[in-house]
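> A predicted structure for the sequence below; I have some questions about it.
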Amino acid sequence: MITGMQGLDRITQLFIRRLLPGLLCCLLGSGVRAEPVLMVLSDFGPSYNQVHDAVLKTAQQPPTVTTLDQLTPADSHRDIILAVGSRACEQMLNRYNPDTRLICSFLPSTTFEQLKQQLLPEQAQPQVSAIYIDQPLLRQIRLARLVKPDAKTLGSALGSNSRSLRSDLESGSRDAGLKLQLAYLSPQDNPVEKLTPVIQSSDLFLVIPDSSVFNRAISKWLLYLSLRHQVPVIGFSENYTNAGAAASVHSSPSQIGQQAGEWLNRLQAGETLPPPSHPAYFDVSINPVAARTLKLQLSSGEALEQALLHIEAGH
C-alpha cells in the first residue's frame with residue numbers, strides 16, 4: 001500500500017522527469033529572443049528610405065536600423081548585418097567580423113567586387129554576399145533583342161570601372177546571336193570620336209552603368225548620335241528612358257528592399273547565405289517617342305517585362 005508521502009514523492013518525480021523540462025523551455029523561449037538583424041543605411045536619403053521601408057514590410061522579424069554615424073564597436077559583431085548602399089558596405093567590410101553574415105545591398109556589382117578585394121583580400125570564404133543594383137548583362141542583352149529582333153550587331157562601351165565585364169558581355173552577346181562592337185573609354189578620350197564608329201556599325205547600343213564612362217554630358221551625346229544614326233539605345237534606368245533611350249530595364253529601391261527582406265527571412269529560418277545576386281525583381285520602361293522615331297514596334301514596358309520573365313523561366 002502506497003502511503004501519502006510515497007505518492008507525493010512519485011508525483012514530484014513525475015513532474016521533474018516529464019513536465020519540468022517542457023515548462024522550462026516555454027519560460028526560456030518566452031524570455032530569450034534571437035538577436036535582431038542590424039540594418040545599416042548609408043544615409044537617410046529618399047532612395048535609402050525606400051529600401052528601408054520595403055525591408056521592414058517584408059522581413060518577418062524587423063531589423064534594428066542605424067546609420068554610419070551611429071555605429072558602435074559592438075555592432076560589428078551582430079550575427080546578421082544588412083548594409084544598404086556603397087558607403088555602408090565599405091564601412092561594414094572595414095569592420096568585418098568572420099562570425100557575421102553580411103549582406104551588402106543597393107550598390108553596383110563592380111563596386112562590391114572592388115571593395116571586397118580591397119578590404120577582405122585574405123579572407124578565403126567570408127560570409128559576405130550582395131544584392132546588386134545593376135541588372136545582369138544577359139537580361140539587358142535579351143531586352144535589346146526583344147526591342148529589335150532582326151538586329152545582328154550590338155554596340156557598347158566600357159570604362160575603367162567596367163572592364164571586368166568584358167567576358168560576360170562577349171558571352172551574352174554570343175548567346176543572343178549578336179556580334180559585339182566594343183569601345184573602351186578613358187577620361188582622356190574624346191567620347192564622340194570613340195562612340196561614333198561603334199554606333200555607326202551597330203544595330204543596337206547597350207549602355208553599361210559605369211560612371212567613369214557615361215556621365216550626363218556623354219550620355220546626351222550618345223543619345224543624340226543614336227537618333228541620328230537610327231540605332232536604339234538600351235539603358236539601365238528610367239531616367240535613361242526619359243532622356244531618349246528606346247527602352248531600359250531597372251530595379252527600384254523598393255524592389256531591392258523586398259529581395260533583401262526575403263533574404264533575411266531565409267537566413268533567420270536557418271538557410272545558408274545566398275551568393276551575390278542581381279535583382280530578382282525589375283521593371284522595363286519604354287520611350288514611345290524614341291520608338292516611333294526609330295520605327296520600332298514596341299507594345300508596352302509591361303509586355304517586354306513579361307517576355308523577359310518568360311525567357312528567364314526557361315519557357
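Yes, it's here.
> so where is the protein shaky, pLDDT-wise?
For the chain, the stretches flagged by pLDDT under 70 are 1-34, 124, 315.
> excluding its backbone neighbours, what's nearest the residue nearest the centre of it?
The centroid of the chain falls nearest to Y132 when counting by CA atoms, centre = their mean (2.4 Å). In space, and not counting its chain neighbours, Y132 is closest to S109: 4.3 Å by CB to CB, 6 or more residues apart in numbering. Heads up, the C-betas are built off the backbone N, CA and C, glycines and all.
> and the one you found, what does it touch?
Going by CB atoms under 8 Å, 6 or more residues apart in numbering, S109 touches A130, Y132, D134, P276, H278.
> tally of neighbours for H52?
By other CB atoms under 10 Å, the residues close to H52 number 21.
> cool, and F214?
For F214, using other CB under 10 Å, the count is 22.
> what about it, distance to S42?
Computed as CB to CB, to the nearest Å, the F214 to S42 distance reads 22 Å.
> across the sheet, point out what pairs with the residue nearest to the centre of the chain.
For Y132, the beta-bridge partners are L107 (DSSP bridges).
> so it sits against L107, correct?
Yes: using CB atoms under 8 Å, Y132 is in contact with L107, at 6.9 Å.
> how close does R78 get to I286?
Distance, R78 to I286, using CB to CB: 43 Å.
> same deal with Q50?
23 Å.
> mind checking which of the two has more residues around it?
Using other CB under 10 Å, the more surrounded residue of Q50 and I286 is I286, with 21 against 17.
> for that one, which residues are in contact?
Contacts of I286 by CB under 8 Å, 6+ apart are T241, A246, A247, L298, S300, G301, L304.
> burial count for the fourth one?
For L298, the count of nearby residues is 21 (other CB under 10 Å).
> skip the chain neighbours and tell me the closest residue to it.
Using CB to CB, 6+ apart, the nearest residue to L298 is A291, at 4.6 Å.
> give me the contacts around whichever strand or helix holds that neighbour.
Under the criterion of DSSP states H and E, A291 resides in helix 288-293. For helix 288-293, the external contacting residues (CB under 8 Å, 6+ apart) are L227, P232, G244, A245, A246, A247, L296, Q297, L298.
> equivalent analysis for stretch 171-182, please.
If you take CB under 8 Å, 6+ apart as the criterion, stretch 171-182 is touched by 137-138, 141-142, 144-145, 151-158, 166, 169-170, 198, 201-202, 204.
> repeat that for 10 Å
For stretch 171-182, the surrounding residues in contact (CB atoms under 10 Å, 6 or more residues apart in numbering) are 136-142, 144-145, 148, 151-158, 165-166, 169-170, 197-206.
> mind listing what S202 touches?
Contacts of S202 (CB under 10 Å, 6+ apart): 151-156, 178-182, 226, 229, 231-232.
> need the residues touching each of Y132 and L107.
Counting by CB under 10 Å, 6+ apart, the contacts common to Y132 and L107 are I256.
> excluding its backbone neighbours, what's nearest T66?
V40 (5.7 Å).
> list phi and psi for G45.
phi -70, psi 170 (degrees, to the nearest 10).
> if I pick it, what's in contact with it?
G85, P253 are the contacts of G45 under CB under 10 Å, 6+ apart.
> now do D150
By CB under 10 Å, 6+ apart, D150 lies in contact with D203.
> separation between it and K295?
Distance, D150 to K295, using CB to CB: 12 Å.
> hmm, S86 and the residue nearest to the centre of the chain touching each other?
No: with contact defined as CB atoms under 10 Å, Y132 does not count as touching S86 (11.1 Å).
> common neighbours of the two, please.
Shared contacts of Y132 and S86, defined by CB under 10 Å, 6+ apart, are found at C104, F106, L107, P108, T111, F112.
> what would the residues you listed look like in TSV with distance to N190 and neighbour count?
Shown next, in TSV, are those (distance: CB to CB, whole Å; neighbours: other CB atoms under 10 Å):
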residue	distance to N190	neighbour count
C104	36	28
F106	34	27
L107	30	24
P108	26	18
T111	27	20
F112	31	23
